[in-house]
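*Asks:* Give me coordinates for this.
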Amino acid sequence: MGCPVHRDSRLCIVPPHMLRVLEMRGDRKTAAMARRLLDQSCKIRDERAAIAARPMLAEDGDAPGFVAEGYLGAAAARGLVREIHDGEGKAALPGKLVRAEGDPPTGDAGADGAYDGAEAVYDLYFEEFGRNSLDGAGMTLVATVHHRRNFNNAFWDGSQMAYGDGDGEIFRTFIETSVIGHEMSHGVVQFSGGLVYEGQSGALNESFADVFGAQTRQRLEGTGACESDWLIGKGILGPEIKGVALRSMKMPGTAYSDALLGQDPQPYHMDFYVNTTEDNGGVHVNSGIPNHAFYLYCMYLGGNSWGVPGQVWYDALQRLNNPYASFHDWATQTVQSAVQLHGVGSREVLALRRAWTLVGLAI
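*Replies:* I've put the predicted structure just below:
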């Protein structure tokens with residue numbers, strides 16, 4: 001029997017379906033590792049739910065970071081504050097503080113990578129969307145590196161990030177910009193009203209994190225939408241694994257095909273929607289559909305993903321006010337946001353309608 005579903009579960013970059021395959025196909029050591037990861041995720045969900053359930057203070061009942069009018073403007077002051085901790089291979093969080101805001105590099109690639117990655121995420125939200133940190137109110141960005149020993153995952157636990165080092169065989173690292181952007185963006189979802197982590201709303205939670213993880217990497221690299229590879233977790237798979245990333249927004253279902261990991265199961269169209277009880281209703285699988293819609297929207301418009309498309313997606317999350325939103329609800333909200341920002345007959349709206357139609361969601 002799987003773990004109970006909570007509104008907010010621990011949100012890990014390596015999906016349960018991948019761990020299930022490793023459990024079935026791996027040798028004794030690999031299967032045991034996969035079972036441990038699955039068990040750990042279940043055991044701490046109550047802790048994660050408790051953190052996410054703490055009251056979020058904001059004016060006029062709005063979620064932190066949301067201002068009904070003009071919230072896309074620049075925030076009053078940049079307030080980036082980072083704390084990077086060394087978990088020293090242990091499970092306890094956060095661990096030993098090794099780099100605080102303004103400190104020089106430590107020389108530890110993991111700690112310095114997490115420090116720089118947190119800035120890339122902060123700058124995306126602050127400079128492009130006027131959001132001051134994940135909660136919109138300047139919260140400190142806390143991360144732990146070297147979490148546990150040979151830990152094959154990274155996660156947002158409701159208040160901080162944690163990164164394993166990987167085992168060097170199946171995964172070689174989790175300090176990668178799109179992974180950092182993905183996991184920290186779960187915090188933005190959490191502080192913007194949340195999306196219940198099951199079924200289509202859970203897949204939207206995962207998709208939003210992928211969309212803004214991709215934007216984080218593209219913006220940091222200065223890569224336009226049409227030039228990007230649109231991979232999530234590029235380069236984190238082990239040296240003998242046949243694959244390029246965890247997911248592809250450009251071509252869902254093609255990120256990896258490996259004897260040990262199996263075949264990337266993500267669909268790109270509603271015709272191939274996966275009905276399952278695994279992974280909270282396939283949240284990491286069916287997220288490929290809204291992911292692909294965002295990719296198509298960017299292809300129609302050109303330019304940068306964090307420009308018009310990113311503004312529409314961010315606006316839609318702030319205005320959604322529906323934690324159980326379906327794909328159709330989300331598509332409708334994005335179109336409404338595009339209309340609000342660009343006008344009903346605009347190119348931006350027509351292109352968005354076309355993108356949703358191409359993944360089987362006519363709006």
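*Asks:* State the helix or strand in which Ser257 lies.
*Replies:* Here Ser257 is covered by strand 257-258, with elements defined by DSSP states H and E.
*Asks:* Other residues contacting that strand?
*Replies:* The contact list for strand 257-258, computed with Cβ atoms under 8 Å, 6 or more residues apart in numbering, reads Ile241, Lys242, Gly243, Gln263, Asp264. (C-beta placed from N, C-alpha, C; glycine too.)
*Asks:* From Ser192, how far off is the closest residue to the last one other than its chain neighbours?
*Replies:* Using Cβ to Cβ, 6 or more residues apart in numbering and skipping residues adjacent in sequence, the residue nearest Asp264 is Ala255, 4.5 Å away. Note on Ala255: its distance to Ser192, by Cβ to Cβ, to the nearest Å, is 27 Å.
*Asks:* How about Ala338?
*Replies:* Distance from Ala338 to Ser192, by Cβ to Cβ: 18 Å.
*Asks:* show me the contacts for Glu240.
*Replies:* Shown in contact with Glu240 (Cβ under 8 Å, 6+ apart): Glu169.
*Asks:* returning to that earlier point: what's the spacing between the residue nearest to Asp264 and Ile232?
*Replies:* Distance, Ala255 to Ile232, using Cβ to Cβ: 8 Å.
*Asks:* Show me the common contact partners of those two, please.
*Replies:* Ala245, Leu246, Arg247, Ser248.
*Asks:* Longest helix in this structure, please.
*Replies:* The residue-count maximum for a helix in the chain (DSSP state H) belongs to helix 199-221.
*Asks:* Burial check on Gly102, number of neighbours?
*Replies:* Neighbour count of Gly102, defined by other Cβ atoms under 10 Å: 8.
*Asks:* what about it, which helix or strand?
*Replies:* Assigned by DSSP H and E, Gly102 belongs to no helix or strand.
*Asks:* next one: phi and psi at it?
*Replies:* Taking degrees, to the nearest 10, you get phi 90, psi -10 for the backbone angles of Gly102.
*Asks:* and which of the shared contacts of Ala255 and Ile232 is nearest Glu221?
*Replies:* Ala245 (14.8 Å; Cβ to Cβ).
*Asks:* residues in contact with stretch 84-94?
*Replies:* 83, 95-100, 106, 108, 111, 114-115, 118, 142-149, 157, 160, 162.
*Asks:* Tell me which of the residues you listed fall in strands.
*Replies:* Counting by DSSP state E, the part of the contacts of stretch 84-94 found in strands is Glu83, Lys96, Leu97, Val98, Arg99, Ala100, Val142, Ala143, Thr144, Val145, Ala162.
*Asks:* are any of these buried, and which?
*Replies:* Applying a neighbour-count criterion of 16 or more other Cβ atoms under 10 Å, the buried members of the ones in strands among the contacts of stretch 84-94 are Glu83, Val98, Arg99, Val142, Ala143, Thr144, Val145, Ala162.
*Asks:* Quickly list what the third one is bridged to.
*Replies:* So that's Arg99. Bridge pairing for Arg99 (DSSP bridges) gives the partners Ile84.
*Asks:* now it: how far from Gly262?
*Replies:* Computed as Cβ to Cβ, the Arg99 to Gly262 distance reads 38 Å.
*Asks:* now the second one
*Replies:* When Cβ to Cβ is applied, the distance between Val98 and Gly262 equals 37 Å.
*Asks:* Any idea how many residues pack against Gly233?
*Replies:* Using other Cβ under 10 Å, Gly233 is surrounded by 27 other residues.
*Asks:* and if you look at Ile175?
*Replies:* Burial of Ile175 is recorded as 23 neighbouring residues (other Cβ under 10 Å).
*Asks:* how about stretch 252-265: buried residues?
*Replies:* Under the neighbour-count criterion of 16+ other Cβ under 10 Å, stretch 252-265 has Pro252, Gly253, Thr254, Ala255, Tyr256, Asp258, Leu260, Leu261, Gly262, Asp264, Pro265 buried.
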